[in-house]
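K.L.:
structure of the sequence below:
(2 chains)
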Protein chains: 2
Amino acid sequence: MRIIKASLSAVACAAMLAASVTASAVEPEDAIHYRQSALGVMGWHFGPMADMAKGDIEYDADAFARHAQNVGDIARMPWEGFVEGSYQDDGHGVETDALAKIADNPDDFEKKQKALIDEAQTLAEVAQEGDFKMARAQLSKVGKTCKSCHDDYRAE
Amino acid sequence: MRIIKASLSAVACAAMLAASVTASAVEPEDAIHYRQSALGVMGWHFGPMADMAKGDIEYDADAFARHAQNVGDIARMPWEGFVEGSYQDDGHGVETDALAKIADNPDDFEKKQKALIDEAQTLAEVAQEGDFKMARAQLSKVGKTCKSCHDDYRAE
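P.N.:
Residues are numbered from 1 along each chain as shown, chains lettered A, B, ... in the order given. Sure thing, here's the model as predicted:
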């Protein structure tokens, strides 16, 4: 089962890369709306885990695991919305924080996507153990991959 | 692995039901934005599969499988955004097509959620086979679960 999942994951990655090349037929407005939606869904699920990590709300192992699973799944999705012509100052008229330098650094941007996808997948697995300290530590790693990309490619 | 996934799924369902009860602390505006985002992401991935099914674009087994996996995953997510006070005419001032009768029929609404989740999960599995006719038939089943819920609970 793990082998099937891994090979599916490889297929999905290849398809995702293919999609990121061909998806420029998509309207920039639609791509922006899509990626903002996917990132918003990720944020919705990240929030309660961060609140638990900070001690603002009590650790609930089941809820944490559910949110982690969702973040792990949706982490694969936003990237096909980052298409040519959909960045800041690209003249599409839609508000976006995605800097145009993303288009100039596709390899680095993909590396950062992959870091998030991998760390979020690990979070989904770690969270199933129900150990707060382990879950919190892995959540922090996920958060760092978010920040690493935001620092370089998101408007302040 | 299948057993672990099944039990995780049960945990996730239980947590989801719990969340739908407790999540009324969430602001209606945020819940609406969240569920619309999740449903929008689902629609983004459903679209190309429907185009393939209709013959508008060529069947691409890898792309179909990737979109199906994403729909299978995100199908679990929108429902926690359907919270008390977030329906049409609930006075929150946000545009939503979600009819207030959802709140009066929680069991039926949950049954319809579960139908989508199950059929979408099956689609993700079937799509891996790479057989167009099978994939198309299962996509149609997923579409019927969408329609069944929209017919009853979404404004025209």
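
K.L.:
need the longest helix for chain A.
P.N.:
Scanning chain A for the helix with the most residues, using DSSP state H, yields helix A:28-54.

K.L.:
that one packs against which elements?
P.N.:
For helix A:28-54, the elements it packs on are helix A:61-74, helix A:132-153, helix B:28-54, judged by 3 or more Cβ pairs under 8 Å, 6 or more residues apart in numbering or on different chains; DSSP states H and E. C-beta: built from backbone N, CA, C; applies to glycine.

K.L.:
got the buried residues for that helix?
P.N.:
Of the residues in helix A:28-54, those buried under the neighbour-count criterion (16 or more other Cβ atoms under 10 Å in any protein chain shown) are A:28, A:30-42, A:44-46, A:48-50, A:52-53.

K.L.:
now for the helices and strands packed on helix A:28-54, which one comes closest to B:Met134?
P.N.:
helix B:28-54 (11.5 Å; Cβ to Cβ).

K.L.:
distance from that closest one to the middle of the chain?
P.N.:
Per Cα atoms, centre = their mean, to the nearest Å, the displacement of helix B:28-54 from the mean C-alpha position of its chain is 8 Å.

K.L.:
state the mean pLDDT of it.
P.N.:
Helix B:28-54 shows a mean pLDDT of 98.

K.L.:
and what of stretch A:81-94?
P.N.:
Confidence over stretch A:81-94 (mean pLDDT, whole number) is 96.

K.L.:
quick check: buried residues in it?
P.N.:
By 16+ other Cβ under 10 Å, the buried positions in stretch A:81-94 come out as A:81-84, A:86-88, A:90, A:92.

K.L.:
how long is that stretch from one end to the other?
P.N.:
Across its full length, stretch A:81-94 reaches 14 Å end to end, with Cα to Cα, to the nearest Å as the criterion.

K.L.:
dump the buried residues of stretch A:81-94 to TSV, plus distance to B:Thr96.
P.N.:
Listed next are the buried residues of stretch A:81-94 as TSV, based on distance: Cβ to Cβ, whole Å:
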residue	distance to B:Thr96
A:Gly81	23
A:Phe82	28
A:Val83	28
A:Glu84	33
A:Ser86	26
A:Tyr87	30
A:Gln88	29
A:Asp90	30
A:His92	26
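
K.L.:
from the residues you listed, which land in helices?
P.N.:
Among those, no member falls in helices (criterion: DSSP H).

K.L.:
of those, closest to chain B?
P.N.:
Nearest to chain B among the buried residues of stretch A:81-94: A:Gly81, at 8.0 Å, using Cβ to the nearest Cβ.

K.L.:
need the contact list for the nearest residue to the closest one once chain neighbours are set aside.
P.N.:
In space, A:Gly81 comes closest to A:Arg35 once its chain neighbours are excluded; the distance is 2.8 Å by Cβ to Cβ, 6 or more residues apart in numbering or on different chains. The contact partners of A:Arg35, taken as Cβ atoms under 8 Å, 6 or more residues apart in numbering or on different chains, are A:78-82, A:86, A:98.

K.L.:
mind doing that once more with 7 Å?
P.N.:
A:Arg35 sits next to A:78, A:81-82 when contact means Cβ atoms under 7 Å, 6 or more residues apart in numbering or on different chains.

K.L.:
where's the most centrally placed residue in chain A relative to A:Ala50, distance?
P.N.:
The structure's chain A has its C-alpha centroid closest to A:Ala75; by Cα atoms, centre = their mean the separation is 3.5 Å. Remark: distance between A:Ala75 and A:Ala50 (Cβ to Cβ, to the nearest Å) = 15 Å.

K.L.:
same question for A:Asp56.
P.N.:
From A:Asp56 across to A:Ala50, the span is 8 Å (Cβ to Cβ).

K.L.:
same check on A:Arg154?
P.N.:
18 Å.

K.L.:
just A:Asp30 next, same as before
P.N.:
Distance of A:Asp30 to A:Ala50, computed by Cβ to Cβ: 30 Å.

K.L.:
cool, A:Asp107 as well?
P.N.:
Summarising the geometry, the distance separating A:Asp107 from A:Ala50, computed by Cβ to Cβ, is 30 Å.

K.L.:
repeat for A:Leu116
P.N.:
In this structure, A:Leu116 lies at 15 Å from A:Ala50, with Cβ to Cβ as the measure.

K.L.:
send the alpha carbons of stretch A:96-104 over as CSV?
P.N.:
Below are the C-alpha coordinates for stretch A:96-104, written out as CSV (Å, rounded to 0.1, in the frame of the first residue of the first chain):
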residue,chain,number,x,y,z
THR,A,96,-2.6,39.1,-5.1
ASP,A,97,0.5,39.0,-2.9
ALA,A,98,2.3,36.6,-5.2
LEU,A,99,5.4,38.4,-6.5
ALA,A,100,6.3,38.3,-10.1
LYS,A,101,9.8,37.0,-9.1
ILE,A,102,8.1,33.5,-8.7
ALA,A,103,8.1,33.4,-12.5
ASP,A,104,11.8,34.1,-12.6
